[in-house]
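Trainee: Next input, structure requested:
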Amino acid sequence: MKAVFLDRDGVITKDPGFNRYDRLELLPGAAEAIKRLNEKYIVIVVTNQPVVARGIMTEDEIRSRHERLAAELAKHGAKIDAFYFCPHHPEKHHADIPEHAMKYRIECACRKPGTGMIDQACKDFDIDLPGSFVVGDRASDIEMGKAAGCRTIFIGGGEADYVASGILDASKIINPDVTAVILAGGRGERLRPLTDTMPKPMIKIAGKPVLQHQIEILRDADITDIVVCGSYLIDNIKEYFGSEWEGVHIEYPDEPDRLGSGGAIRNAYKYLKDADRFIIINGDKMIGKFDFRRMIEFDLQKKCFATVLVRETDHPLDSDIIRLEGDRVIQFIGRGQDLYRTSNSGIIIAGQSLIKLIPEGVSNIEKDILFRLVGEKDIYGFMLPSGWFVKDMGTPERLASVRAIFEVS
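Mentor: Numbering: from 1, shown residues only. Down below sits the predicted model:
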């Protein structure tokens, strides 16, 4: 079970200050964000409440306030699964502290940046900490998250795995709305006669179509909204997968012939307009041992215009070569040279701003649009990790090579 641990004041609610704790005001986007997180995570509030040690509120009053907060969120369809708070404060020298509050003036393991509240949550829930997040607006929140082994998001800015402008932005980092676009429109001329009766992505490798391999890898990364763009023998694909296939929802835009990759994506806009990010995959790419979550996280960390999958190639003369500076794309070189060996691998992550730049008519999403923007837009290269597999199967020789790898392994 994965969890999102949220600080309370300054993340979910407006910080009332020590003397105005009777007020409860949700921050903009808080309910929407928590509702979004509820889809895939348990949501837990972890908050330091030294007002108890200061004698301003009692533990019961804190619990009552949390009940009010839960009820207010529930009106919007959002749910907090558990609340944990630390009532302690280590200072002992204040003479104006009421006698009943002095017992809270102790050193403890639960006060942030200590991990006591997360430790207790792990006892109460079976939590996968490396797959969980801590969201806070103070350094102590982030220190706690790092000490517990969670990924961290700093609201407003600071040293963390991610930085977000608010809780809604953080929820999009944690649970991004990602749609995959598979470009399946090529006629596969180089693979004739195989492609005379079937579209290229339906050629079988290791007993199932290339397209099925792609869809299964996407589903394993919790990407279940997929758009398949194509016109050539598209009915073969529709008959095989339908609109619902083993937990995946698939749309097929009505596509005129020969739109090119850019035109196909523009044509599919109505299926992409609500996505935070979308993944573009060429339909002739055989994918194996690939975790799209890693590439998506890289893309979100960069907060960039687009991320392209790159790899080191052993055949640069016939590869689309990209020049990187660190992991930033600084030049698209193309084919016909062997000075650089980092090549484009045919997978892109981008957002709505890319679609808006696609002109009407036929275009290539990479050469006509994306790589013309190098230097003008922030474009990064995600290097294919060792052991991951993305390979073109668009010629008889490459198809044989891919089959040899997959059908033997």
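Trainee: can you give me the offset of stretch 372-384 from its chain's centre?
Mentor: 18 Å (CA atoms, centre = their mean, to the nearest Å).
Trainee: show me where pLDDT drops low in the chain?
Mentor: Applying pLDDT under 70 to the chain flags the ranges 16-22, 93-95, 188, 316, 318, 336, 408-409.
Trainee: Show me how the record splits it into domains.
Mentor: As assigned by automatic domain parsing, the chain contains the domains 3-174, 178-406.
Trainee: possible to save the ones you listed as a markdown table with mean neighbour count?
Mentor: (Each C-beta comes from the backbone N, C-alpha and C, glycine too.) As requested, these are arranged in a markdown table below (neighbours: other CB atoms under 10 Å):
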| stretch | mean neighbour count |
| --- | --- |
| domain 3-174 | 18 |
| domain 178-406 | 18 |
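Trainee: which stretches of the protein form helices?
Mentor: 30-38, 59-74, 116-124, 139-148, 167-174, 210-220, 234-241, 260-267, 292-302, 352-355, 396-406 (DSSP state H).
Trainee: could the ones you listed be laid out in TSV, adding distance to residue 253?
Mentor: Output for those, formatted as TSV (distance: least, CB to CB, whole Å):
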stretch	distance to residue 253
helix 30-38	26
helix 59-74	37
helix 116-124	44
helix 139-148	41
helix 167-174	25
helix 210-220	16
helix 234-241	10
helix 260-267	5
helix 292-302	22
helix 352-355	13
helix 396-406	27
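Trainee: Quick one, which of the ones you listed gets closest to residue 186.
Mentor: helix 260-267 (9.3 Å; CB to CB).
Trainee: what sits up against the closest one?
Mentor: 181, 183, 185, 229-230, 253, 255-256, 259, 272, 280, 282, 355, 358-366, 368-369 (CB atoms under 8 Å, 6 or more residues apart in numbering).
Trainee: among the residues you listed, which are in strands?
Mentor: The strands, defined by DSSP state E, take in 181, 183, 229, 280, 282 from the contacts of helix 260-267.
Trainee: wait, the fourth one sits on residue 178?
Mentor: No - assessed by CB atoms under 8 Å, residue 280 is found out of contact with residue 178, at 11.4 Å.
Trainee: And the strands in the stretch 1-150 of the chain, which stretches?
Mentor: 3-6, 42-48, 82-86, 133-136 (DSSP state E, counting those that start in this stretch).
Trainee: got CSV for these, with distance to residue 65 too?
Mentor: Output for those, formatted as CSV (distance: least, CB to CB, whole Å):
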stretch, distance to residue 65
strand 3-6, 15
strand 42-48, 10
strand 82-86, 9
strand 133-136, 19
